[in-house]
Structures are given as structure tokens and as C-alpha cells.
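>>> Coordinates for the following, if possible.
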Amino acid sequence: AIFTVLFYFSRKAFEMIALNVLSIYSEQILSQYNEGWMSGLTNHYSVNAMYLSLGLALELVVLLDRNKRKNIDILISIFLMMALFMTGKRGHIIFCIISWFVVYYFSNADKKRGRIVKILAILTIGVIVFMILENFVPFLMIFIERFKYQMAQGDVTTGRGILAGYAWELFRKNIWSGIGWNRFIDIYVNSYSVSGEVLNVHNVYLQLLTETGIFGFVAFVIFFIVNYYIVVKTLVEVRIYQYNLKEKDRWLMFSLLMQTFFLIYCMTGNPLYDVHMFFPYMAACAIAKYIRGNIVKVNNKKKIFKSR
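Below you'll find the model as predicted:
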């Protein structure tokens, strides 16, 4: 985040640091920099957005912690959000916001009255503040300008619709067993790509259907749903019945936020195939299972987290 902000305000720093440290990718990151998309100290602005989203997810969870929230956490969250806007990645920003609201809703299961009203109030205030600031803060315009540019091009999906069409065509020819794991890339490069560009479908659910067929797709979806059910059920029970988890509830909130972000991102990206997102998602699933598996009863009334 620090380098993202530094490079945004200083092209000289970008040229001295990023272009030398990442010399192999210098042409790519320079092209993105000229477009206004900050890649930080990564080889692509999308990768930078993934890392910033993870950091922001951790900080947003802290903001929901009823006991540990501090002013410094608010400032760090704002800084990370600012850096994320500088990447120009629209999806990551929107997914983070949606995921935070989901966690807010379930983490306040013991305060059912007013949850929806508060969410709508926060969202309304946020939109108003954004509309005011976009006229004075240049990097906020990157977010808007990318929408305008894609609309002018007549394709707000940035080519994802075409990729989805190819994937659907392949799925229809191999409905039950699919074409094979990670085979879409090979077929795309050999049969569809004009420039030789290597691309996934940018929709995990459709790519799973294409590559693993209905059988494989159902298996993955069951995994997604079961793990999501575990974290939601555990967090809601913790809040309603006031389990003493010795501050482990913060990790439950992170697990829910990470899983929500991942599953939404799967609609427009390739997080299942990107190590930057896949491993944090699997860690989030493991966290929820570990905590739920270590909640024990005390006197048949209260439940606590069992220390090992």
C-alpha cells in the first residue's frame, strides 16, 4: 500500500524502484502506470489489488471488533482503501464493500433490530461522500473513468462476455465430464486467441462447468456452500449465545469476509486459479472449521474455545 501511494504521487520513485526491482516486467507495469493503474511492487495491478484487498479485509474485521477497535485502525483502513482505488480495479473495491456489509450483518446477529437500516445508512453516506470527493480527489476518478471507458467501448465486461461464450460452447460439447482441469487455457490459446494471450474464463463457476463438467462442478459448489454455512452458523451462534472464544471471533469474521470476497470474485475473475487468492481462501475455510471444532460446552450452558 505504501509503495502504491508513493508511486502514484511520484513517477520518479516508480521509475527508480519499481522498474529496477521488477525489470523483467518493466514494459507491462510501465504501460499500466501510464494508464493510471498502480501495480505497486507487483508485476500486475490486478495482483496488487488482490494483496491490498487481503490487507483491507483484515483491517475491516478489526473495525467490527467491539473490543479492539482503535482510531489507528480507521486510518489504516482509509489508507488501504485509498491505495486500492489507485489500482483502478473496480471489482475488488466493490467486492470488499459487499463482503464487509455481509460480515457486519451476521456479526450483529444479537442485535437484529436496525441492522438493515444501519447498513443502508452507511451505504448512503458512503455514496454521498464519494460523489463529493470524486470532484477533488483525482485517483477516485480512475474508478469512474474505467466504467465510462468500457461503456464507450460497448463492453463493460472487458471481454469477459466473449470468453464466457467460448467456455459455454466447450461445456455444451462435454456436459458431464468436462474438457479436463485447466484445459481451457490451452484450447483458448490454440483455437481462439489472436494475439497468443493466455487467459482463463474470468468466471470460476463457468470454467469449472467447462473443465470438470456437471459432476465436478457440483462437487466444488458443495465444498463452497458447506464451508460458508460453517462460518456463518458459527459466527451467528457465537453472537447470539455469547460464547467465550477468547477473541477468536475476530478470526471468524475474517473467515467470513474472505470467503464472501472469494465467492463473489469467482463471478468475474479467476481466484480459484490464482495462488494470491486461493491459499487465503483455503486458510479462511480452515479457520472456521478449526474454531467450530474446538468449541466445547461448560456446565451444559456456556460454550468456550478449547485451548490446546
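
>>> For this structure, name the helix or strand with the lowest mean pLDDT.
strand 302-305 (a mean of 63; mean pLDDT, DSSP states H and E).

>>> In this protein, mark out all the strands, start to finish.
Here the chain has its strands, by DSSP state E, at 295-298, 302-305.

>>> what about the longest helix in this structure?
helix 204-241 (DSSP state H).

>>> tell me the mean pLDDT over that one?
Averaged across helix 204-241, the pLDDT comes to 93.

>>> so what does it touch, helix or strand wise?
If you count contacts as 3 or more Cβ pairs under 8 Å, 6 or more residues apart in numbering; DSSP states H and E, helix 204-241 packs onto helix 90-107, helix 160-173, helix 183-187, helix 249-265, helix 275-293. For glycine as for every other residue, the C-beta is placed from the backbone atoms N, C-alpha and C.

>>> distance of the residue nearest the centre of the chain from residue 255?
Nearest to the geometric centre of the chain sits residue 261, at 4.0 Å (Cα atoms, centre = their mean). For residue 261, the distance to residue 255 (Cβ to Cβ, to the nearest Å) stands at 11 Å.

>>> Quick check: closest non-adjacent residue to the residue nearest to the centre of the chain.
Spatial nearest neighbour of residue 261, excluding adjacent residues (Cβ to Cβ, 6 or more residues apart in numbering): residue 99 at 4.4 Å.

>>> Near residue 31, how many other residues are there?
11 (other Cβ atoms under 10 Å).

>>> On the pLDDT front, check it for me.
So, for residue 31, pLDDT stands at 92.

>>> can you check residue 82 too?
The model's pLDDT for residue 82 equals 91.

>>> try residue 181
pLDDT recorded at residue 181 is 92.

>>> Do I have it right that it meets residue 208?
No. Counting by Cβ atoms under 8 Å, residue 181 does not reach residue 208; the two are 9.4 Å apart.

>>> neighbour-wise, which of the two wins?
residue 208 (24 against 11).

>>> For the more buried one, give me its contacts.
216, 217, 220, 272 (Cβ atoms under 8 Å, 6 or more residues apart in numbering).

>>> with those residues in mind, which one is nearest to residue 36?
Nearest to residue 36 among the contacts of residue 208 is residue 272, at 28.8 Å by Cβ to Cβ.

>>> Return the residues in contact with the closest one.
If you count contacts by Cβ under 8 Å, 6+ apart, then residue 272 has 204, 207, 208, 266, 278 around it.

>>> Report pLDDT for the residue lying closest to residue 49 once chain neighbours are set aside.
Spatial nearest neighbour of residue 49, chain neighbours left out: residue 89 (3.8 Å); criterion: Cβ to Cβ, 6+ apart. For residue 89, the pLDDT comes out at 86.

>>> Could you measure from residue 89 over to residue 40?
With Cβ to Cβ as the criterion, residue 89 and residue 40 are 12 Å apart.

>>> Next: residue 205.
From residue 205 over to residue 40 (counting by Cβ to Cβ), the distance is 29 Å.

>>> Same drill for those two, tell me which one is more crowded.
In this view residue 205 and residue 40 are compared by other Cβ under 10 Å, and residue 40 has more residues nearby, 27 against 16.

>>> what phi and what psi does the backbone show at the more buried one?
phi 60, psi -130 (degrees, to the nearest 10).

>>> what's the spacing between it and residue 75?
19 Å.

>>> Could you list the low-pLDDT ranges of this protein?
Low-confidence segments of the chain (pLDDT under 70): 66-69, 143, 146-158, 194-195, 245-246, 297-308.

>>> ok, back up a step: run a quick neighbour tally on the residue nearest to residue 49.
24.

>>> For it, give me its contacts.
Counted by Cβ under 8 Å, 6+ apart, residue 89 has contacts 37, 45, 46, 49.

>>> Can you read off the backbone torsions of it?
According to degrees, to the nearest 10, residue 89 has phi -80, psi 110.

>>> I'd like the distance from it to residue 174, if you could.
Counting by Cβ to Cβ - residue 89 and residue 174 are separated by 32 Å.

>>> still on that earlier bit, residue 118 is nearest to which of the helices and strands packed on helix 204-241?
Across those, closest to residue 118 is helix 90-107 (Cβ to Cβ), at 7.9 Å.
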